[in-house]
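Undergrad: just need the structure, nothing else, for what follows:
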Amino acid sequence: MNKEELQALLNEVKDGSVSPEEAMSKIKLMPYDDLGYAKIDTHRGVRQGENEVIYGAGKTKEQIKGIVNHMLSSGVKSVLVTRLSPESADYLKTDIPIFYDSLSQIGIAGEKPEGTNRGNIVIATGGTSDIPVAEEAALTAEYYGNKVSRLYDVGVSGVHRLFDNAELLADARVVVAVAGMEGALASVIGGMVDCPVIAVPTSVGYGANFGGLSALLSMLNSCASGVSVVNIDNGFGAGYLASMINKM
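TA: Have a look, this model is predicted:
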């Protein structure tokens, strides 16, 4: 849909020949911007409520910069970039204002959104080694305007640490349980709370952990009700889903 077609559609809404709902459906299917190496989904925010996110791994720093610059020049105030390497972050910083967290490899180009007190998403980890994935989830949820409480290193090998924070868990709208090894944390939390639990298996563990597969299978087989599971090390997916639930 080009500028003229959009103007014609708006005129049809104005004269009543097309309803606002019909017009919105057409706008949702408006085309993308083709940069050759990337096709930017400019109307994802209209369809899904949030703008497109850049997955940095596998992209060159020049490609990331080109996509970010195009999105910012199109009126997007900030762009979330996941799995952004320190080298690419430094490259972006030469021309673009950017917040970068090296632990989670999350970058926010443009204006960093202000935090809110909307709901409460609790991000819990089994161990300290799970924090990078947990921070990816936490910073993603905060980017989308959610209140986040961090509860780190409360795994089942010292489960009293988790029970000492039962009140915080009870007040959560959503809990994101991040754990490697055998992944038991999600089931324990699932049996304690009355809100959705999003389980994130991590690749933390010894050889038979199989790069997070053992935690993934344990979480998929959780006996606790209300536990859903995202992919191994997918902190972004968990943070995004938690935000959607929290905003309902």
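Undergrad: quick one: residue 137 is in a helix?
TA: Yes. Membership of residue 137 in a helix is supported by DSSP: H, G, I helix; E, B strand; the rest coil.
Undergrad: for residue 125, what are its contacts?
TA: For residue 125, the contacting residues are 131, 133, 134, 151, 152, 153, 154, 155, 178, 179, 185, by CB atoms under 8 Å, 6 or more residues apart in numbering. For every residue, glycine as well, the C-beta is placed using N, CA and C.
Undergrad: and it, how far from residue 134?
TA: Per CB to CB, to the nearest Å, residue 125 is found 5 Å from residue 134.
Undergrad: identify the contacts common to those two.
TA: 152, 178.
Undergrad: just the strands in the chain please.
TA: For the chain, the strands defined by DSSP state E occupy 33-34, 39-40, 54-55, 78-82, 98-101, 106-110, 121-125, 148-151, 174-179, 197-201, 227-229.
Undergrad: show me what the third one is packed up against.
TA: If contacts are counted by 3 or more CB pairs under 8 Å, 6 or more residues apart in numbering; DSSP states H and E, strand 54-55 sits against helix 61-73, strand 78-82.
Undergrad: okay, the first one in PDB with CA atoms only?
TA: Pointing back at helix 61-73 there. The C-alpha trace of helix 61-73 is given here as PDB (Å, rounded to 0.1, in the frame of the first residue of the first chain):
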ATOM      1  CA  LYS A  61      27.600  -5.000  12.500                       C
ATOM      2  CA  GLU A  62      27.000  -3.000   9.300                       C
ATOM      3  CA  GLN A  63      23.700  -4.900   8.700                       C
ATOM      4  CA  ILE A  64      22.500  -4.200  12.300                       C
ATOM      5  CA  LYS A  65      23.400  -0.600  12.000                       C
ATOM      6  CA  GLY A  66      21.600  -0.300   8.700                       C
ATOM      7  CA  ILE A  67      18.400  -1.800  10.100                       C
ATOM      8  CA  VAL A  68      18.500   0.300  13.300                       C
ATOM      9  CA  ASN A  69      19.100   3.500  11.400                       C
ATOM     10  CA  HIS A  70      16.200   2.700   9.000                       C
ATOM     11  CA  MET A  71      13.800   2.000  11.900                       C
ATOM     12  CA  LEU A  72      14.800   5.100  13.800                       C
ATOM     13  CA  SER A  73      14.500   7.300  10.700                       C
END
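Undergrad: brilliant, that's me finished.
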